[in-house]
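Student: Sequence and predicted model, in that order:
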Amino acid sequence: MRALLQALPRLPAAPDGQVDFARADPVLLALVRDEAQTVLQVVQRGQGAIGRLLACSAVAIESGDIDADSVESLGYFLAEVGDFAVACWVMSCACRATLAASSGSGVRAGP
């Protein structure tokens, strides 16, 4: 995630403030694509693991050993992390599409 966050400010912005993928360096696009895909995979695996832990903790939650506030906070956290994962997916797709459109750049469009 650190590499992705460090790369994002190097992407050029369009006048409306959105990323101008067409003006971005192909090597930077490939880096962002790969890092965003990695973050997405890590988030998906982590969310699945947390879901399994919550399912196994149902009795402890029901008995109050795990307080409802913690479960609520975890739910909000998972929602925010899920939104971030979607943003990573969208960014990865945009990078992949831009690289494919300019395939003469010598950088492979992606897996």
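Tutor: That came through fine.

Student: Okay, the residue lying farthest from the centre of the chain and Arg52: tell me how far apart.
Tutor: With Cα atoms, centre = their mean as the measure, the chain has its most outlying C-alpha, relative to the mean C-alpha position, at Ser63: 34.9 Å. Here Ser63 is placed at a distance of 19 Å from Arg52 (Cβ to Cβ, to the nearest Å). Using the backbone N, CA and C atoms, a C-beta is placed for each residue, glycine as well.

Student: now Arg10
Tutor: 37 Å.

Student: Check Ala87 too.
Tutor: 25 Å.

Student: The two: which has the busier surroundings?
Tutor: Ala87 (13 against 10; other Cβ atoms under 10 Å).

Student: what's the distance between the helix or strand hosting the more buried one and the middle of its chain?
Tutor: Secondary structure assignment for Ala87, by DSSP states H and E: helix 68-101. Taking Cα atoms, centre = their mean, to the nearest Å, the mean C-alpha location of helix 68-101 is offset from the chain mean by 4 Å.

Student: same check, this time on stretch 84-104
Tutor: On Cα atoms, centre = their mean, the centre of stretch 84-104 falls 12 Å from that of its chain.

Student: buried stuff in it?
Tutor: 85, 88-89, 91-92, 94-96, 98-99 (16 or more other Cβ atoms under 10 Å).

Student: List of residues touching the helix or strand bottoming out on mean pLDDT in the chain?
Tutor: Across the helices and strands of the chain, the lowest-confidence element by mean pLDDT, DSSP states H and E is helix 58-63, at a mean of 87. Residues from elsewhere that reach helix 58-63, judged by Cβ atoms under 8 Å, 6 or more residues apart in numbering: 54, 66, 68, 71.

Student: ok, 7 Å please
Tutor: With Cβ atoms under 7 Å, 6 or more residues apart in numbering as the test, helix 58-63 has contacts from 66, 71.

Student: And stretch 9-18, by the same measure?
Tutor: Residues contacting stretch 9-18 (Cβ under 7 Å, 6+ apart): 19-20, 23-24, 28, 32.

Student: Rebuild those as JSON lines, extending it with neighbour count and distance to Phe77.
Tutor: Listed next are those as JSON lines, based on neighbours: other Cβ atoms under 10 Å; distance: Cβ to Cβ, whole Å:
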{"residue": "Val19", "neighbour count": "18", "distance to Phe77": "26"}
{"residue": "Asp20", "neighbour count": "14", "distance to Phe77": "32"}
{"residue": "Arg23", "neighbour count": "11", "distance to Phe77": "35"}
{"residue": "Ala24", "neighbour count": "19", "distance to Phe77": "31"}
{"residue": "Leu28", "neighbour count": "16", "distance to Phe77": "30"}
{"residue": "Val32", "neighbour count": "24", "distance to Phe77": "25"}
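
Student: Having no further points to raise, I will conclude here.
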